[in-house]
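Asks: fold the stuff below for me.
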Amino acid sequence: MKRKTKLKHSDQTLHRLLLAQELGPVPPVGPTADVYRIANYADGLVGAAKPECDLLLPHFDSGLRWADANNPQPDDWLMDGGVRAGVTWDGTFYRDLNRYANSGSLFWSAYLKPGSAPGIKNGFWFNFGSGWSHLANDDPAQLLAGASQRIYFDTAAGQWKLVIEATMFVTNAVVEVWTGVKAGGTDPVGTYTRISGCDPLASLTVEAG
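Replies: Next comes the predicted model:
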């Protein structure tokens, strides 16, 4: 009869770590592109559903006022700079490891378009659906500090994630517009199923740009 050998505590810890690494989620190693986009995207596809995403719209009671130099009125309505100033998002995501390497090569964002720069018309402000978003402090290193549109591989969950966020008027709070996930695959291409967000759209499909 063979006698079982009891592992030392340090050996047990190492064994558990190796086992977890072997059984845990493994990041995809397949080829990926620098550009991906939402298939058949047109402005209003995401973030324009009513009444679910009505909170994205500016309202008369939202606290926004326009200082009319000719005849200022306390109830004058202001369409905030995010709506009248930004560019319309086209549903595309980009990768730029020089400007944002925090999440590695499996991370794409609308803000990382080549040539984008600080300024309302330079790709750091986006309008889409009923909402808008603005890169926090015009700084790609702070991409996750504000609202953003992004695709990335969630290593903790072992799945691809597509996130679309908007910025609230007045408070600038972040609103989750649509979040979906896709299991498997060596790149972001495929259909994402909605898990949360104000927009009830059931799914979105991502294709290589």
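
Asks: okay, now residue 101: neighbour count?
Replies: 13 (other C-beta atoms under 10 Å). For the C-beta atoms, the positions are set from N, CA and C on the backbone; glycine is no exception.

Asks: can you pull out the strands in the protein?
Replies: 35-38, 87-88, 92-94, 107-109, 125-128, 131-134, 149-154, 159-167, 174-183, 190-196, 203-208 (DSSP state E).

Asks: give the pairing partners of the fifth one; include direction for each.
Replies: Read that as strand 125-128. The sheet places strand 125-128 alongside strand 87-88 (parallel), strand 131-134 (antiparallel), with pairing taken from DSSP bridges.

Asks: state the mean pLDDT of it.
Replies: Mean pLDDT, computed over strand 125-128, is 93.

Asks: residues making contact with that strand?
Replies: 43-44, 46-47, 81-83, 85-89, 110, 119, 132-135, 149, 164, 166 (C-beta atoms under 8 Å, 6 or more residues apart in numbering).

Asks: ok so, going back, winner for burial among the strands of the chain?
Replies: With neighbours defined as mean count of other C-beta atoms under 10 Å, the strands of the chain peak in mean count at strand 131-134, which reaches a mean of 26.

Asks: pLDDT on it, on average?
Replies: 90.

Asks: coming back round to it: out of the strands paired with strand 125-128, nearest to residue 35?
Replies: Closest approach to residue 35 among the strands paired with strand 125-128 is made by strand 87-88 (16.8 Å; C-beta to C-beta).

Asks: so what's the gap between the closest one and the chain middle?
Replies: Here strand 87-88 shows a centroid-to-chain-centroid distance of 16 Å under the convention C-alpha atoms, centre = their mean, to the nearest Å.

Asks: quick check: mean pLDDT of that strand?
Replies: Here the average pLDDT along strand 87-88 is 93.

Asks: same question for stretch 140-147.
Replies: pLDDT averaged over stretch 140-147 gives 94.

Asks: for that stretch, measure first residue to last.
Replies: 12 Å (C-alpha to C-alpha, to the nearest Å).

Asks: wait, which of the strands of the chain is closest to residue 101?
Replies: Short answer: strand 107-109, nearest of the strands of the chain by C-beta to C-beta, at 8.6 Å.

Asks: give me the contacts around that closest one.
Replies: For strand 107-109, the surrounding residues in contact (C-beta under 8 Å, 6+ apart) are 35-36, 93-95, 100, 143, 148-153, 188.

Asks: tabulate the strands paired with strand 125-128 in TSV, adding columns for distance to residue 204.
Replies: Shown next, in TSV, are these (distance: least, C-beta to C-beta, whole Å):
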stretch	distance to residue 204
strand 87-88	18
strand 131-134	16
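
Asks: now stretch 44-55: buried residues?
Replies: 45-49, 53 (16 or more other C-beta atoms under 10 Å).

Asks: pLDDT check: weakest of these?
Replies: Out of these, that is residue 49, at 83.

Asks: that one and residue 197 touch, don't they?
Replies: No. Taking contacts as C-beta atoms under 8 Å, residue 49 lies outside contact range of residue 197: 10.0 Å.

Asks: ok, back up a step: just so I know, which of the strands paired with strand 125-128 lies nearest residue 123?
Replies: Shortest distance between residue 123 and the strands paired with strand 125-128, using C-beta to C-beta, is found for strand 87-88: 6.5 Å.
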